[in-house]
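Sequence and predicted structure are below.
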Amino acid sequence: MSSRPDSPPPADRPPSVDALARSLRDTGLPHPLLVDAARAAIASGDPERARAEAQDLARSMLQPVINATGVLLHTNLGRAPWPATDAGRYRNLELDLATGDRGSRQAHAPTLLARACGAEAAIVVNNCAAAVMLVLAALARDRAVAVSRGELVEIGGGFRVPEVMQQSGARLLEVGTTNRTRLADYERAVADAANDVALVMQVHQSNYKIVGFTEAVSTAELATLDVPLVADIGSGFLDAACPWLADGPPAWLADEPAARQTLEAGAALVTFSGDKLLGGPQAGIIAGRADLVATCARHPLARALRPGGLVLEALQELALAYLRRDGESIPFWRMASMPMADLRARAEAIVASAGRGRVVDTASVPGGGTLPSVEIPSAGIELPGNHRDLLRAGTPPIIARVQEGTTVIDLRTVDPTDDTHLAEALGTLGD
Ligand SMILES: *Cc1c(COP(=O)(O)O)cnc(C)c1O
C-alpha cells in the first residue's frame, strides 16, 4: 500500500500496514490479501494478530482435504473426487478437427457417455437439476408432466420436483398417492386429452425410502404409455452389470437404477449427475433418444446451462475409463471396491507408524443423497477423545468423524497416497 501524500498518517499510527503485510509474505498469499489481514489486525488493536488473520484467510480457501469420514460422496467435500486436467492449453472445444469447421462441445464426452450407457445420444449440462430443468422446458413447456405423488421429492440443497417443474414452464400433473401409484393412474391421466400430457417423469427417490404398504410402477410398465418417459435416476450409476469392476456389482448397489437398464426398459431419456455414482466432476447428463436429446440441445436454456471445457475434458477421461472397463482408474470406484483386507492392512501400518490408535472395523456410506440406509463394510483407526478440530487444522486438513467421544478415521475414503501424512498427523496429536 502507498500512503497518499495529501493525507499524512495520524500521529499514533501503528506499524505501517504495508510493512506488516510484507512481513507475512511467507504465507504465500498475494499482497492485497496480506494488506487486508494487516488492516484487520491493526483495526482490532492487536497487530500481532495479522499472521493469524492471514492464516485464517488461507484456510478459508478452496483446497485439497483428506476425507476420513467414510462418506464416499460427501456433499461438503465436493462429492466424487476427480483429478483436474491441464488447463493451460487450448483445446478443440468447438472445432471439428476433421473439417476445420465449427464443431460442437457436445460432440466429445457426451457421445462417449452415450456409448457407455447404450444411449443413442447425450448432452451434458452443469448438474442434474439443470438437466431436469432443460428436459422439461424443451419437451413439456406449457404442457403437463405426469409424476407419481410418491416421487415429488426434495433432493439435497433445494432440488424440489414441483419447484423445478414450475420454473421450467411445465405443468405438474400429480398421479396416484404418496405410498401407492398404479399404471392405471398414469393411463387415466395420459388418456384425458384435457390434461395435454407431454411426458411421464419417474423420479428416483434417491435419498429416502417409503416402506410398508407401497406400490410403484416399473420403468418397463411406464414405457408402455403413449407419451415419452423421462427417468431422473439421479445417481449416474451407468450399468447394473458394473463391467468396469473385476468382481462385478457390489451387493450394496442391488436396488439402484442404472442408466443402461432404465433405457433398455423403455425410458426415452434418463437424467443423472456427473459427481455421484458416476464418479466424475459436477455435471448433469441427459441421455437417450436422439431426437429428444437434439430438441434439448437446441433450446435456448442449453446455452445458459452448458459446461466448460475443463468439465467436458474430465468427463471424456471418465467415459473412456468406463469404456475400457477400468474402474481402478475412477477414484470413486477404486475406493468403493477396495477389499477389507487392504483397508485393515493400511490401518495397521498407520497405527504402527503413528504409535497411536486402534484398528477397527467400521462402516462407510455412499452419501451424496444416494442409497439411504446402505452401508459398505470398511476399516479404519479409532482414537479415544475428540480430535476433529485438531485434525482439520492441519495441512492438508483431515476431515474425521467423532462418535460418542471417539475419533474415527475411515480409510475407505482416504487415498492410499495420503496414508503417510495421516500417520504423521496422528503421531503429533496429544493424548
Ligand atoms: C442428486 C439428484 C438430483 C440433483 O442432482 P445435482 O447434480 O445435484 O443437481 C436430481 N434428481 C435426482 C433423482 C437426484 O438423485
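Sure, I can see it.

what about Ser342, neighbour count?
To be clear, residue 342 is Asp; Ser isn't right here. 13 (other CB atoms under 10 Å). In short, each C-beta sits where N, CA and C put it, glycine included.

now Glu348
Residues lying near Glu348 (other CB under 10 Å) number 13.

Equivalent analysis for the one 5 residues further on, please.
Other residues lying near Ser353 total 15 when counted by other CB under 10 Å.

what about the nearest residue to it once chain neighbours are set aside, which SS state?
Distances taken as CB to CB, 6 or more residues apart in numbering put Ala423 closest to Ser353, at 4.0 Å, once the chain neighbours are dropped. Classification of Ala423 using DSSP: H, G, I helix; E, B strand; the rest coil returns helix.

Surely Ala423 and Arg346 touch.
No. With contact defined as CB atoms under 8 Å, Ala423 does not reach Arg346; the gap is 9.9 Å.

Tell me how far the nearest residue to Ala170 once chain neighbours are set aside lies from Gly266.
Spatially, and ignoring its direct neighbours in sequence, Ala170 is nearest to Ala140 (3.9 Å; CB to CB, 6+ apart). Going from Ala140 to Gly266 by CB to CB, to the nearest Å gives 18 Å.

neighbour count winner among those two?
Between Ala140 and Gly266, Ala140 has the larger neighbour count (other CB under 10 Å), namely 24 against 17.

Distance of the closest residue to the ligand within the stretch 301-431 of the chain relative to Glu154?
Residue of the stretch 301-431 of the chain nearest the ligand, by CB to the nearest ligand atom: Gly369 (5.1 Å). When distance is defined by CB to CB, Gly369 is 10 Å away from Glu154.

Neighbour count: these two, which is higher?
Gly369 (22 against 14).

Could you list the paired strands of the helix or strand bottoming out on mean pLDDT in the chain along with their orientation?
In the chain, no helix or strand scores lower on mean pLDDT, DSSP states H and E than strand 154-155, which sits at a mean of 79. Partner strands and pairing direction for strand 154-155 (DSSP bridges) are strand 159-160 (antiparallel).

Contacts for the strand it pairs with, please.
Strand 159-160 has contacts (CB atoms under 8 Å, 6 or more residues apart in numbering) with Cys128, Ala129, Val132, Leu152, Val153, Glu154.

which non-adjacent residue is nearest the last one?
On the basis of CB to CB, 6+ apart, the spatially nearest residue to Glu154 that is not a chain neighbour turns out to be Arg160, at 4.4 Å.

For the residue of the stretch 151-300 of the chain found nearest the ligand, name its beta-bridge partners.
Closest to the ligand within the stretch 151-300 of the chain is Gly234: 2.2 Å, counting by CB to the nearest ligand atom. Here Gly234 sits in beta bridges with Phe272, going by DSSP bridges.

these two touch, right, Asn127 and Pro281?
No. With contact defined as CB under 8 Å, Asn127 does not reach Pro281; the gap is 10.2 Å.

what residues are up against Asp275?
Leu73, Gly78, Arg79, Ala80, Trp82, Gly236, Pro281, Gln282, Ala283, Gly368.

Revised request: answer the last question for Ala259.
Contacts of Ala259 (CB under 8 Å, 6+ apart): Cys117, Gly118, Ala119, Ile233, Gly236, Phe237, Leu238, Asp239, Val270, Phe272, Ala287.

Show me these that map onto helices.
Cys117 (DSSP state H).
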